[in-house]
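Chemist: Provided below for reference: sequence and predicted model.
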Amino acid sequence: MRGSPRTRSLALALLALLCLAPAQAARAEESLRRADPLHVPTGPLPEPERAAHLSAAERVRAASQALRERGHGELPVLAWALLDAARSQQQAELAELAVELAPSSPGVRFEAARQLRDPLELAASLAALIWDLPGLLWLIALSGIALLGGLVALAAGTCLAAALRGLPLHGHALGHGMTKQEPPAWPGVLLCLSALCALPLFGVGALGVLAAFGALGALRLPRAQTLRLALALAALGATLGPGLDRVAPAIVAGARESDLIAAWRIDQGEALPGDLERIERASARAPDELLYRFVLATDWKRRGELERMHQVLGDPATSSDPALRAASFNLRGIARLAEGNLAEAVPAFERARSADESAAVMFNLSQAYGRALLLSEQQAAFAAASSLDDAMVTRYLAADGANLHSVLIQTPLSLGLFLVRALEPSPESRALASELRENLLGPLERDRLWLALPVLGALALVLRRSTVTRCSRCKRPLCARCSREAMSGGTCLRCVRLFVRREHTDPRMRKAQLEKDRRRERWAQIRLAAGALVMPGSADVVEGRWLRGTLSLFALGLAAGLLRAPEILPLPWDLGGLGESAPYALGLALLAPLYALALVQSVGRLATARRVT
């Protein structure tokens, strides 16, 4: 039975569709496979002798334009050369051009501010520290050293005040082994001092001995004073322990010859001479580290060596960091799209989007879709890129020509990615932290001795004894063994006989005692005045004005840490004179009002001592 014409036509249509489908798929795959390649700028840079007729500023602008066409961002090397020329030739416009070449470099902006005498530019150089990896690491390390200095000064002042107040009371209590009434305090004080001074023989450093002095003295002090000492020692111990472990990586990573900073410079497009060789050595030592491979591949892309770029980059899927993985796939997609290989470019951009969807990735994906004539997908990707960062998309759409570096977007890696890696503990940072602890606390269990500081403060608070106090008038020690009645009254029997029960007292004895009290008060004021000049805030702590005293001691320690920091911290090349000048300026800015206030207080104390007659 022969079929109807409609049935025969339907069968023939299906057969034709089946025959034509492979050809259409082949043509679609072929259209997705190839596209016109993008131009990658290569070749030599402009030679200076060919631009001899141009001014210095115009020659630098031409060189910077050629470098930016090759994917470089900021140009600090050219900027520093311009600053040197501006200083020698006294041309302010060269300093302004240097800021244009490296606006995010704090060292360049600081040097330009010095030459231009512009306070706004100086403020901009300080603000640029936050967005510059070497500057941020240096700032973290500087803050840590200053904070450590402040807490050391605070704990030292508190411990000295506790020792001066409490050790004579210990001496009085120990003196009862010699006599029951009015025992001499100096044998007991000497015994305490000799016992504590023997601690260095067992590997305890100066700071540990000082903490032991303070804790021993605080055993006889009121609860509030002992609590303050315990808090100061706990804060210092935490800073020397976990705090130092957090700051030491920043000091190590911020060194001048740091691999991580070299990688950051290459990624930012502002590599210095020697950075590339350093990263190649680091990548050879750690071949599985995608970060080093990524920055090396970025450098090869800027040179136009795309095949070499693919060899260096390897497989980005090995990284566990989504941002780094997305940046690596985006870089691979850029190279494949520049070669015209759409069959590998589109999947690379799609894998970058699945790892971390960003405006740069979506814009590049829209470019790839457009070259593959996938217009609906291109519109959706472009809309997503515009919603994420419309300003960046508009800027790239306005670029002229088909230059790879001006048509496709490769944003630098985030500062947080480098910062997290920089603050990770390393063998070098652990060795540095151990060395600093050994210098401050001593070689005895140098990685655990910091725990002794809060323990000493806690023991002083728990084991505090109130069996010995001082006379409210003459400050002599009082205890129950000498006189329980005087202990409960707060005034010694001598002062009671001389100044309370006056009818049975010889006036000459009372006058002699008054003269002794005045002499003691004069010498006390002189000692406090001298102590205030040597260590501002110490006199306030001794006299019980804790808030003002602790603030002054902390500010003194901050200033000392800032002044000492340039000798400890490595100075990154990027900071220039800013890293040398800022700590001294901040330290002196803290010391000047502090010592001015201490001088005023000392003069007032000396005037009070003269009036005591």
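Modeler: Yep, it's here.
Chemist: Which residues are in contact with Arg223?
Modeler: Contacts here follow CB atoms under 8 Å, 6 or more residues apart in numbering; on that basis Arg223 touches Leu461, Arg464. Bear in mind the C-beta positions are built from the backbone N, C-alpha and C, glycine included.
Chemist: Can you tell me, leaving aside adjacent residues, what's nearest to Ala286?
Modeler: Ranked by CB to CB, 6 or more residues apart in numbering and with sequence neighbours excluded, the top spatial neighbour of Ala286 is Tyr292, at 6.7 Å.
Chemist: so who does that neighbour touch?
Modeler: Residues in contact with Tyr292 (CB under 8 Å, 6+ apart) are Asp259, Ala263, Ile279, Ala282, Ser283, Ala286.
Chemist: measure the second one to Arg308 for me?
Modeler: Look at Ala263 and Arg308: by CB to CB, to the nearest Å, they are 18 Å apart.
Chemist: With the fifth one instead?
Modeler: Distance of Ser283 to Arg308, given as CB to CB: 14 Å.
Chemist: higher neighbour count, the two?
Modeler: Neighbours were counted for Ser283 and for Arg308 using other CB atoms under 10 Å; Ser283 has more, 21 against 15.
Chemist: Test my guess that the more buried one contacts Leu291.
Modeler: No - under the criterion of CB atoms under 8 Å, Ser283 is not in contact with Leu291, lying 9.0 Å apart.
Chemist: so where is the stretch 201-350 of the chain shaky, pLDDT-wise?
Modeler: Per-residue confidence for the stretch 201-350 of the chain (pLDDT under 70) gives these ranges: 256.
Chemist: what does the stretch 51-200 of the chain give?
Modeler: Per-residue confidence of the stretch 51-200 of the chain (counting by pLDDT under 70) places the weak regions at 51-56, 177-182.
Chemist: secondary structure element for Leu478?
Modeler: In this assignment (DSSP states H and E), Leu478 forms part of strand 477-479.
Chemist: Spell out which strands sit alongside that strand in the sheet and which way each one runs.
Modeler: On the basis of DSSP bridges, the sheet neighbours of strand 477-479 come out as strand 468-470 (antiparallel).
Chemist: Model confidence score at the closest residue to Glu69 other than its chain neighbours, please.
Modeler: Taking CB to CB, 6+ apart as the measure, Glu69 lies nearest to Pro41, with 4.8 Å between them; neighbours along the chain are not counted. pLDDT, the model's per-residue confidence, is 73 for Pro41.
Chemist: show me the contacts for Pro41.
Modeler: Pro41 sits next to Ala66, Glu69, Arg70, Gly304, Asn403, Leu404, His405 when contact means CB under 8 Å, 6+ apart.
Chemist: chain center to the helix or strand hosting Ala66, what's the gap?
Modeler: In this assignment (DSSP H and E), Ala66 forms part of helix 56-69. In terms of CA atoms, centre = their mean, to the nearest Å, the centre of helix 56-69 is set 35 Å apart from its chain centre.
Chemist: Would you mind listing the buried residues in it?
Modeler: Judged by neighbour count (16 or more other CB atoms under 10 Å), helix 56-69 contains these buried residues: Ala56, Ala57, Arg59, Val60, Arg61, Ala62, Ala63, Ser64, Leu67, Arg68, Glu69.
Chemist: Let me see the contact set for the spatially most central residue of the chain.
Modeler: With distances taken as CA atoms, centre = their mean, the chain has Ile140 as the residue nearest its mean C-alpha position (1.0 Å). Neighbouring residues of Ile140 by CB under 8 Å, 6+ apart: Val247, Ala250, Leu423.
Chemist: what do you get for Leu404?
Modeler: With contact set as CB under 8 Å, 6+ apart, Leu404 has these partners: Leu38, His39, Val40, Pro41, Gly71, Lys301, Ile334, Ala338.
Chemist: What pLDDT does the model give it?
Modeler: pLDDT for Leu404: 73.
Chemist: now Glu580: how far from Cys495?
Modeler: Going from Glu580 to Cys495 by CB to CB gives 59 Å.
Chemist: ok, those two, which is more surrounded?
Modeler: The residue with the greater number of neighbours, taking Glu580 and Cys495 and applying other CB under 10 Å, is Cys495; the counts read 18 against 13.
Chemist: Now the more buried one: which helix or strand?
Modeler: Assigned by DSSP H and E, Cys495 falls within helix 493-495.
Chemist: Please work out the average pLDDT along that helix.
Modeler: Averaged over helix 493-495, pLDDT sits at 73.
Chemist: Mind listing what's buried along the helix or strand that it is followed by?
Modeler: Beyond helix 493-495 on the C-terminal side, the first helix or strand identified by DSSP H and E is helix 507-534. Burial within helix 507-534, assessed by neighbour count using 16+ other CB under 10 Å, is assigned to Gln513, Asp517, Arg522, Ala524, Gln525, Leu528, Ala529, Gly531, Ala532, Leu533.
Chemist: In CSV: the residues you listed, plus pLDDT.
Modeler: Shown next, in CSV, are the buried residues of helix 507-534 (pLDDT from 0 to 100):
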residue, pLDDT
Gln513, 74
Asp517, 77
Arg522, 83
Ala524, 81
Gln525, 83
Leu528, 84
Ala529, 86
Gly531, 84
Ala532, 84
Leu533, 87
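Chemist: Looking at those residues, which one is closest to Ala112?
Modeler: Leu533 (40.4 Å; CB to CB).
Chemist: so the closest residue to Asp574 other than its chain neighbours is in which element?
Modeler: Nearest-residue entry for Asp574: Pro134, 4.5 Å, with adjacent residues in sequence omitted and distances by CB to CB, 6+ apart. In the assignment (DSSP H and E), Pro134 maps to helix 133-175.
Chemist: tell me how far the helix or strand that comes right after that helix is from the chain's mean position?
Modeler: Beyond helix 133-175 in the direction of the C-terminus, DSSP H and E gives the next helix or strand as helix 186-197. Mean-position distance between helix 186-197 and its chain equals 42 Å (CA atoms, centre = their mean).
Chemist: Tell me which other helices or strands helix 186-197 touches.
Modeler: Of the remaining helices and strands, those touching helix 186-197 by 3 or more CB pairs under 8 Å, 6 or more residues apart in numbering; DSSP states H and E are helix 133-175, helix 206-218.
Chemist: Contacts for it, please.
Modeler: Applying CB under 8 Å, 6+ apart, the set of residues contacting helix 186-197 is 167-168, 170-175, 178, 209, 212-213, 216.
Chemist: which residues sit against the host helix or strand of Val312?
Modeler: Secondary structure here is read from DSSP H and E; on that basis Val312 sits in helix 306-313. Around helix 306-313, the neighbours that count as contacts under CB under 8 Å, 6+ apart are 40, 293-294, 296-297, 300-301, 328, 331-332, 335, 338-339.
Chemist: out of those, who has the most neighbours?
Modeler: Of all the contacts of helix 306-313, Ser328 has the most neighbours under the rule other CB under 10 Å, reaching 28 neighbours.
Chemist: Redo the contacts of Ile140 as CSV? Include neighbour count, secondary structure and distance to Leu597.
Modeler: As requested, those are arranged in CSV below (neighbours: other CB atoms under 10 Å; DSSP: H, G, I helix; E, B strand; the rest coil; distance: CB to CB, whole Å):
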residue, neighbour count, secondary structure, distance to Leu597
Val247, 24, helix, 30
Ala250, 22, helix, 33
Leu423, 17, coil, 37
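Chemist: of all those, which comes closest to Gly576?
Modeler: Ranked by distance to Gly576 (CB to CB), the contacts of Ile140 are led by Ala250 at 19.3 Å.
Chemist: quick one: the closest one and Ala422 touch, right?
Modeler: Yes - taking contacts as CB under 8 Å, Ala250 lies within contact range of Ala422: 6.5 Å.
Chemist: which neighbours do those two share?
Modeler: Shared contacts of Ala250 and Ala422, counting by CB under 8 Å, 6+ apart, come down to Leu137.
Chemist: residues near Leu216, how many?
Modeler: For Leu216, the count of nearby residues is 22 (other CB under 10 Å).
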